[in-house]
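Participant: Compute the structure for the input listed below.
(one chain, ligands or ions: 1)
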Amino acid sequence: MTTPEAIESVRTTCPYCGVGCGIVASRLSNGQLEVKGDAEHPANFGRLCSKGSALAQTLSLDDRLLHPRIGGERVSWDIALNRVADEFQSAIARHGPDSVAFYVSGQLLTEDYYVANKLMKGFIGSANIDTNSRLCMASSVAGHRRAFGSDTVPGCYEDIELADVVVLVGSNLAWCHPVLYQRLEAARAERDIRVIVIDPRSTATCEIADQHLALAPGSDVALFNGLLQHIANSQHLDARYVGEHTQGFDAALVATTSLKRKDIARATGLSEVSIAEFYDLFIATEKVVTIYSQGVNQSTQGTDKVNAIINCHLATGRIGRPGMGPFSVTGQPNAMGGREVGGLANMLAAHMSLESAADRDTVQRFWQSPRIAQMAGLKAVDLFRAVAAGQIKALWIMATNPVDSMPEADVVRDALARCPFVVVSDVTDKTDTAAYAHVLLPALAWGEKSGTVTNSERRISRQRTFLTPPGDAKPDWWHMAEVGNRMGFADAFDYAGPHAIFDEYARMTAFENGGRRDLDIGAYASMTAYDYDALTPFQWPARKTAKQSQRFFADGGYFTPDRRARFIATPFAAPRTSTARYPLLMNTGRVRDQWHTMTRTAKSPRLMSHIGEPYLEIHPDDAALHGLEAAGLASVESAHGRIVLRVQVTSRQRRGSVFVPMHWTDQFANNARVNALIPAATDPVSGQPGLKQAHVNVSPFSAQWYGLTVTRNKPSIPADADYWALSPATSGWRLEMAGLQPLPDAAAVLRQISTHVDQHSGDELGYHDHAGQRHRVAVFDNCGLVGAFFSAREPVRVSRSWAAEQLAKPPIDRLSILAGRSGATQRDRGATVCACFEIGVNQIVDAIKDGCRTVATIGVELKAGTNCGSCRAEIGRLVHEHAIANTAAKAR
Ligand code: SF4
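Facilitator: The predicted structure follows:
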């Protein structure tokens with residue numbers, strides 16, 4: 001068999017996280033599409049994580065929105081756009097410009113973002129445009145602006161490899177920014193880089209940690225305030241840098257002095273010894289990079305956390321030089337691009353400030369706009385509060401899913417249901433938010449659209465088209481430009497294509513800049529469409545004239561009026577403690593193979609095979625205290641809502657805290673939208689909600705029966721299921737269920753689940769233990785298993801991966817299906833660990849038992865971990881756990 005060849009290849013960028021990996025998408029001679037890491041892209045040098053590697057599996061047109069719709073009916077673009085323009089104009093005429101709003105997304109390309117911001121701030125005249133990046137890194141933006149006078153990320157990825165100590169704060173880099181983790185892991189294999197993980201949870205990232213400081217949630221400021229004191233007291237202050245390039249050190253230090261070392265230990269729950277170890281390592285090492293992410297940002301003290309970290313780097317002068325600096329890594333693929341063009345309600349384009357009359361004037365003159373917003377608009381949480389209060393009459397949501405992603409998500413859902421006019425631009429109508437749209441506008445998906453994104457190290461890369469746009473789908477910038485035209489601003493929104501928007505944006509960054517602003521890409525202004533198409537990744541600043549460095553601030557030059565950085569006093573305030581009613585602190589986060597609300601990653605059975613059901617991670621003592629059992633179901637309740645999740649009992653979880661992933665929506669489970677439980681409390685400076693945490697109670701979900709179904713076709717949800725969670729599998733679907741009432745008829749449930757099964761009722765095999773309430777029903781056709789249903793009084797003990805695999809395996813052993821386990825000749829590989837090579841946990845444990853003692857030897861034996869590398873941390877943990885268990889068993 002000949003290996004298919006690439007006929008045509010396009011260089012583009014991954015649409016998931018803020019690492020911004022380069023991708024080569026190729027059409028092969030066999031007609032298939034291949035996605036590989038771009039060896040020439042400076043963010044990843046050819047690497048991809050599991051999500052990036054599986055992109056080709058997510059490109060189907062299933063569930064795509066292909067035509068504009070009003071009230072569910074297909075309409076022409078003209079009708080849809082006229083309606084949007086009319087509704088917005090009418091609301092503005094009757095209630096003023098602040099009665100309308102845009103809620104946009106870090107998924108948008110910079111060109112889309114630029115047009116959205118221009119239309120709202122420069123032509124409608126309101127700043128009511130905010131972005132889901134508010135939920136992700138607004139505290140970093142606010143922290144940067146307070147300290148540096150601008151939203152500047154000082155360093156670059158290379159610093160992670162050049163550092164001698166890497167401190168990771170509130171960042172599960174292994175799962176959330178996997179390619180950066182891989183770069184760190186690879187550099188660490190070459191030389192001694194010490195890694196400190198500061199995180200309440202023991203995450204996959206801890207696999208490479210020399211020290212894990214499992215601090216109490218919300219105590220980061222206390223820890224870094226103590227570090228600032230230690231820097232000052234141990235003569236490691238860089239007095240020259242502080243004196244020449246900063247202001248406010250004394251006040252910042254005074255704000256820390258109320259906490260003695262024992263107070264810090266009490267606040268953080270860490271031992272004084274481990275705190276001292278960390279402090280001593282930090283001060284003794286010149287090259288320190290401190291990476292922080294959502295664990296820092298998604299907090300009601302997020303901005304203070306950011307500034308407490310930055311204070312320590314300013315005090316030691318460790319900023320802007322190779323191998324050192326504070327480093328915020330962003331969650332979304334274009335959160336940085338959105339920040340650059342003013343996608344936040346309190347920013348103007350090109351890093352200009354909405355508070356500054358001079359900047360407002362500069363922007364208005366550049367745009368030659370009839371007006372300019374005069375004050376900050378509504379930030380995300382306030383924006384949806386205003387929708388709920390009836391102040392927003394027309395809302396346009398683009399490429400985001402606030403019904404699931406906002407805190408107090410049920411309140412947001414109710415607000416949208418009451419909003420007089422909601423427009424949703426998206427690639428699919430199968431989101432919990434699209435259900436509330438009066439007008440749906442079909443957008444282009446990844447692979448169809450064209451533009452630029454900026455990654456966490458200020459690197460601008462192209463996303464390029466390699467797929468034909470389906471149906472009537474159009475780029476987001478075009479949706480807005482057309483509405484702008486219809487609102488009477490035709491000249492300002494007459495763009496020939498994304499290159500024309502980029503050109504305008506690049507010219508704007510250089511407009512009256514003269515080194516006054518950090519963001520300047522004037523060197524890329526006036527490109528032709530051809531140049532734009534050929535654009536290779538570059539980092540800003542890229543000024544047309546002046547010499548520039550890859551990093552900022554090694555020699556000061558901050559963007560404050562006196563060009564000095566500001567130390568910010570960050571007095572520690574202990575977080576609210578648990579109550580008798582809500583005794584546990586719930587922490588939320590991502591899982592390795594899912595992205596946001598799963599609209600794309602759930603299309604990949606490979607990605608769903610890693611974790612296919614929403615879950616609650618809880619410490620064994622807390623599980624016992626609350627009557628929860630492993631693999632059972634739990635109700636999780638806060639003051640704002642209640643969800644139901646599968647229980648995972650693990651001693652990796654801190655006592656008193658639980659963990660729940662953020663991804664599941666009503667599309668994949670009936671009651672698992674975790675943000676419905678999160679209070680809409682925000683950081684007072686950044687307006688970012690504290691999405692990481694809520695106080696909750698947990699209790700057993702008193703199921704009378706549990707069920708598992710695997711079916712070839714997408715199943716219907718049976719009426720008897722009070723709990724369900726759905727996930728695609730390689731050759732079909734998997735559906736988990738449970739009911740609060742006894743199950744009347746197992747075979748009837750299977751028929752309800754799948755109409756396809758009904759047509760094949762002649763091939764039904766069943767096993768019924770009525771006394772024990774155990775039922776197994778399977779239906780077969782000539783091609784093999786059509787569907788199987790397993791139910792029991794207790795959680796069903798059938799290997800999920802094995803059961804789903806049987807859908808793809810004719811001929812099969814029919815009795816083994818009824819038995820719910822592999823026969824003697826088959827091996828159940830267990831839950832997927834390595835998604836690339838579909839290697840399960842049982843296979844890895846067997847290899848460890850056979851003598852493999854390192855991730856590398858497992859790779860040689862099974863190939864696991866040798867492609868994208870995202871599973872290497874989990875393999876390491878399995879090696880660690882099982883090798884120790886084997887050694888202990890031998891010793892006995
Ligand atoms: Fe995409 Fe993974 Fe790279 Fe992030 S680390 S950009 S998700 S391939």
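Participant: all contacts plus neighbour counts: C-alpha atoms, from now on.
Facilitator: Will do.
Participant: How about stretch 577-593 and the ligand, touching?
Facilitator: No: Stretch 577-593 lies out of reach of the ligand by Cα under 6 Å from any ligand atom, never closer than 8.8 Å.
Participant: Show me which helix or strand of this protein is least confident by mean pLDDT.
Facilitator: helix 755-759 (a mean of 57; mean pLDDT, DSSP states H and E).
Participant: by contact count, what packs against the next helix or strand after that helix?
Facilitator: Once helix 755-759 ends, the next helix or strand along the chain (criterion: DSSP states H and E) is strand 764-769. The contact analysis (3 or more Cα pairs under 8 Å, 6 or more residues apart in numbering; DSSP states H and E) places strand 764-769 against strand 774-781, helix 814-819.
Participant: can you list contacts of strand 764-769?
Facilitator: With contact meaning Cα atoms under 8 Å, 6 or more residues apart in numbering, strand 764-769 is reached by 774-780, 818.
Participant: ok, now with 6 Å
Facilitator: Contacts made with strand 764-769 from outside it, assessed by Cα atoms under 6 Å, 6 or more residues apart in numbering, are listed as 775-779.
Participant: Report the closest residue of the stretch 301-450 of the chain relative to the ligand.
Facilitator: The stretch 301-450 of the chain approaches the ligand most closely through residue 333 (6.9 Å), counting by Cα to the nearest ligand atom.
Participant: So for residue 664, which of the helices and strands packed on strand 764-769 sits nearest?
Facilitator: Of all the helices and strands packed on strand 764-769, it is strand 774-781 that lies closest to residue 664, at 28.1 Å by Cα to Cα.
Participant: Who does that closest one pair with, and is each partner parallel or antiparallel?
Facilitator: Sheet pairing for strand 774-781, assigned by DSSP bridges, gives strand 764-769 (antiparallel), strand 784-792 (antiparallel).
Participant: Give me the pLDDT for residue 891.
Facilitator: Looking at residue 891, its pLDDT reads 55.
Participant: Let me fix that, I meant to ask about residue 771.
Facilitator: 84.
Participant: Also the one 3 residues further on?
Facilitator: The predicted structure scores residue 774 at 88 on the pLDDT scale.
Participant: So in terms of bridging, what pairs with the closest residue to it other than its chain neighbours?
Facilitator: Nearest residue to residue 774, sequence neighbours excluded (Cα to Cα, 6 or more residues apart in numbering): residue 792, at 4.5 Å. When assigned by DSSP bridges, residue 792 has beta-bridge partners residue 706.
Participant: Count the residues that sit near residue 792.
Facilitator: 21 (other Cα atoms under 10 Å).
Participant: Pull up the gap between whichever residue of the stretch 401-550 of the chain sits closest to the ligand and residue 503, please.
Facilitator: Distance from the ligand to each residue of the stretch 401-550 of the chain (Cα to the nearest ligand atom) is smallest for residue 455, at 8.6 Å. Distance of residue 455 to residue 503, given as Cα to Cα, to the nearest Å: 19 Å.
Participant: neighbour-wise, which of those two wins?
Facilitator: A direct count of neighbours by other Cα under 10 Å for residue 455 and residue 503 places residue 455 higher, at 25 against 20.
Participant: Tell me the confidence at the more buried one?
Facilitator: Listed pLDDT for residue 455 reads 97.
Participant: isn't it right next to residue 17, touching?
Facilitator: No: Residue 455 is beyond contact range of residue 17, at 8.5 Å (criterion: Cα atoms under 6 Å).
Participant: for residue 410, helix, strand, or coil?
Facilitator: Secondary structure state of residue 410, per DSSP: H, G, I helix; E, B strand; the rest coil, is helix.
Participant: gap between it and residue 569?
Facilitator: Taken as Cα to Cα, the span from residue 410 to residue 569 is 36 Å.
Participant: Show me what from the chain comes close to the ligand.
Facilitator: Residues of the chain lying near the ligand (Cα under 6 Å from any ligand atom): 14, 16-21, 48-49, 51-52, 177-179.
Participant: Tell me which of those fall in helices.
Facilitator: 51-52, 178-179 (DSSP state H).
Participant: List only buried entries from the residues you listed.
Facilitator: 51-52, 178-179 (16 or more other Cα atoms under 10 Å).
Participant: Smallest gap between the stretch 501-650 of the chain and the ligand, at which residue?
Facilitator: residue 595 (8.1 Å).
Participant: With the stretch 651-800 of the chain instead?
Facilitator: Taking Cα to the nearest ligand atom, the stretch 651-800 of the chain has residue 663 as its residue nearest the ligand, at 14.8 Å.
Participant: Surely residue 696 is within a strand?
Facilitator: Yes: under three-state DSSP, residue 696 falls within a strand.
Participant: you'd agree it is up against residue 581?
Facilitator: No: the criterion here is Cα under 6 Å, and residue 696 misses it with residue 581 at 7.9 Å.
Participant: More neighbours: those two, which one.
Facilitator: The neighbour comparison of residue 696 against residue 581 (other Cα under 10 Å) goes to residue 696, with 27 against 12.
Participant: Tell me how far that one lies from residue 653.
Facilitator: 15 Å.
Participant: Give me the below-cutoff pLDDT ranges for the protein.
Facilitator: Counting by pLDDT under 70, the low-confidence segments of the chain come to 1, 754-762, 811, 823-827, 884-892.
Participant: quick one on the thing from earlier: phi, psi for the residue of the stretch 301-450 of the chain closest to the ligand please.
Facilitator: With angles defined as degrees, to the nearest 10, residue 333 sits at phi -70, psi -30.
Participant: who's in contact with it?
Facilitator: 15-18.
Participant: re earlier: would the residue of the stretch 651-800 of the chain closest to the ligand count as being in a strand?
Facilitator: No: counting by three-state DSSP, residue 663 falls outside a strand, being coil.
Participant: That one: how many residues sit nearby?
Facilitator: What residue 663 shows, counting by other Cα under 10 Å, is a neighbour count of 23.
Participant: isn't it right up against residue 599?
Facilitator: No: with contacts counted by Cα under 6 Å, residue 663 stays clear of residue 599, the gap being 9.5 Å.
Participant: which stretches of the stretch 501-650 of the chain form strands?
Facilitator: 538-539, 565-566, 584-589, 615-618, 633-638, 641-649 (DSSP state E, counting those that start in this stretch).
Participant: now, of these, which is deepest in the fold?
Facilitator: With neighbours taken as mean count of other Cα atoms under 10 Å, the strands of the stretch 501-650 of the chain reach their highest mean count in strand 565-566, at a mean of 27.
Participant: got the CA coordinates for the one helix or strand residue 395 maps to in PDB?
Facilitator: Secondary structure assigned from DSSP H and E places residue 395 in strand 394-398. Only the C-alpha atoms of strand 394-398 are listed here, as PDB (Å, rounded to 0.1, in the frame of the first residue of the first chain):
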ATOM      1  CA  ALA A 394     -30.300  44.600  21.400                       C
ATOM      2  CA  LEU A 395     -27.400  42.200  22.000                       C
ATOM      3  CA  TRP A 396     -25.000  40.600  19.400                       C
ATOM      4  CA  ILE A 397     -23.100  37.600  20.600                       C
ATOM      5  CA  MET A 398     -20.300  36.300  18.400                       C
END
